[in-house]
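Q: quick one, structure for this:
(4 chains)
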Protein chains: 2
Amino acid sequence: MDAWTRFAESIFRINGLLMQAGEGITRPLGQSSARWQVLGGVGYGPRTVADIAKSIGHARQSVQRVADALANEGLVVFRDKPDDKRTSLLELTPAGLKVLTAIYNRQVKWSARITRKLGAEQLDAQAAALIEIAKVIASDVDKP
Amino acid sequence: MDAWTRFAESIFRINGLLMQAGEGITRPLGQSSARWQVLGGVGYGPRTVADIAKSIGHARQSVQRVADALANEGLVVFRDKPDDKRTSLLELTPAGLKVLTAIYNRQVKWSARITRKLGAEQLDAQAAALIEIAKVIASDVDKP
DNA sequence: CACAGATTGACAGCACACTGTCAATCTGTC
DNA sequence: GACAGATTGACAGTGTGCTGTCAATCTGTG
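A: The predicted structure follows:
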């Protein structure tokens, strides 16, 4: 197994652990990582579904489905967007804000716990190195 | 945004790029990353579905579904396992071997291209660092 | 102002991973 | 050898993400 494969496997491993942690944070609150991302997208003010999709890098229709589910459960509401009759603004309800806040609190504790163990400097250095590697991979996409 | 979040986002970014590259490698051959993993699991000799699932860290039933699909398309066959009547051994057909070899060739080229740009030493160092971080995350799982 | 092209949500369908349940079968213990 | 517990595939159902198509609506160009 070559260095690149070892590297890729370490990424898969950490990604899996992060996803698992995300589930661990959201699940006790009856949510999920996908729902968290959408709720978080509305956290700083009303936005359209298409807007949120762009910002988190997911397909518009994936976000739409999650948003519809959240609206059904009363965590968000669709409000008319005055200047565009096609779409509407997604807005947190009090219940939605409560859930998002609870998730945020859990996330902060988790983040602080890990940062204490690993050190912000090391994490920043790793992140910077990974972003450089990401650029190289991205520039290679579609080559095979 | 704290260091830990920046780190997590860099992992998500690279993971996404790796998945994308995996699709790029397998898609022209009518396959996918999931199918690749299962084909690869049988590459060194017949194995059971449950066995493959364990080795790649996926749910048994997820692998079962992919294996059934591969069998339907004639890339693998189920052969009786003499000492266990519940299960069967999954084995590559000549067609399956052909596909797996083609995928392997594409993967090797891609891997070599990236390693040339980034250097095996850097990749190994990163992988080692990430594995250490993974241990810390893993030891924290279920804490929140 | 007209109109081509982009954007949007609704609808439909697919791939992949997970979970849980069930009956058949295997394994280890007594 | 009997029997409790683990393992296995079949079946069924869920969540998440993707794609494509369609009609309504917006936007920018001329």
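
Q: quick one: pLDDT of residue A:34?
A: Residue A:34 carries a pLDDT value of 96.

Q: where in chain A is pLDDT low?
A: Residue ranges of chain A with pLDDT under 70: A:141-144.

Q: again, only using 90
A: Along chain A, segments meeting pLDDT under 90 span A:1-2, A:138-144.

Q: nearest the geometric middle of it, what residue?
A: In chain A, the residue lying closest to the centroid (C-alpha atoms, centre = their mean) is residue A:37, at 4.0 Å.

Q: what packs against the helix or strand harbouring that one?
A: For residue A:37, the enclosing helix or strand under DSSP states H and E is helix A:33-42. Counting contacts by 3 or more C-beta pairs under 8 Å, 6 or more residues apart in numbering or on different chains; DSSP states H and E, helix A:33-42 packs against helix A:3-26, helix A:49-56, helix A:60-72, strand A:76-80, strand A:88-92, helix A:94-118. In this view, the C-beta of every residue, glycine as well, is placed from N, C-alpha and C.

Q: again, only this time at 6 Å
A: Judged by 3 or more C-beta pairs under 6 Å, 6 or more residues apart in numbering or on different chains; DSSP states H and E, helix A:33-42 is in contact with helix A:60-72.

Q: ok, now which ones touch the residue nearest to the centre of chain A?
A: Contacts for residue A:37 (C-beta atoms under 6 Å, 6 or more residues apart in numbering or on different chains) come out as residue A:56.

Q: where's it relative to DNA strand C, distance?
A: Distance check for residue A:37 against DNA strand C: by C-beta to the nearest atom of the strand, to the nearest Å, it reads 16 Å.

Q: from residue A:134, how far off is that residue?
A: Going from residue A:37 to residue A:134 by C-beta to C-beta, to the nearest Å gives 20 Å.

Q: would you mind listing what in chain A touches chain B?
A: Proximity of chain A to chain B, by C-beta under 6 Å from any C-beta of the partner chain, involves residues A:2-4, A:6-8, A:10-11, A:13-15, A:17-18, A:24-25, A:106, A:110-111, A:114-115, A:117-118, A:120, A:123-124, A:126-127, A:130-131, A:134, A:136-138, A:144.

Q: could you pick out the buried ones from those?
A: A:3-4, A:6-8, A:10-11, A:13-15, A:17-18, A:24-25, A:106, A:110-111, A:114-115, A:118, A:123, A:126-127, A:130, A:134, A:137, A:144 (16 or more other C-beta atoms under 10 Å in any protein chain shown).

Q: residues from chain A in reach of DNA strand D?
A: By C-beta under 7 Å from any atom of the strand, the part of chain A that sits against DNA strand D consists of A:32-35, A:37, A:57-62, A:65-66, A:69, A:83-86.

Q: hmm, who's touching stretch A:15-30?
A: Applying C-beta under 6 Å, 6+ apart, the contact partners of stretch A:15-30 are A:32-33, A:36, A:99, A:102-103, A:106-107, B:8, B:11, B:15, B:137-138, B:144.

Q: what do you get for stretch A:121-140?
A: Contacts of stretch A:121-140 (C-beta under 6 Å, 6+ apart): B:3-4, B:6-7, B:10, B:13-14, B:17, B:117-118.

Q: nearest to residue A:73, of these?
A: Checking the contacts of stretch A:121-140 against residue A:73 with C-beta to C-beta, the nearest one is residue B:4 at 29.2 Å.

Q: quick check: the gap between the nearest residue to the closest one once chain neighbours are set aside and residue A:63.
A: Excluding the flanking residues, the one nearest residue B:4 by C-beta to C-beta, 6 or more residues apart in numbering or on different chains is residue A:111, at 4.5 Å. Counting by C-beta to C-beta, the gap from residue A:111 to residue A:63 is 24 Å.
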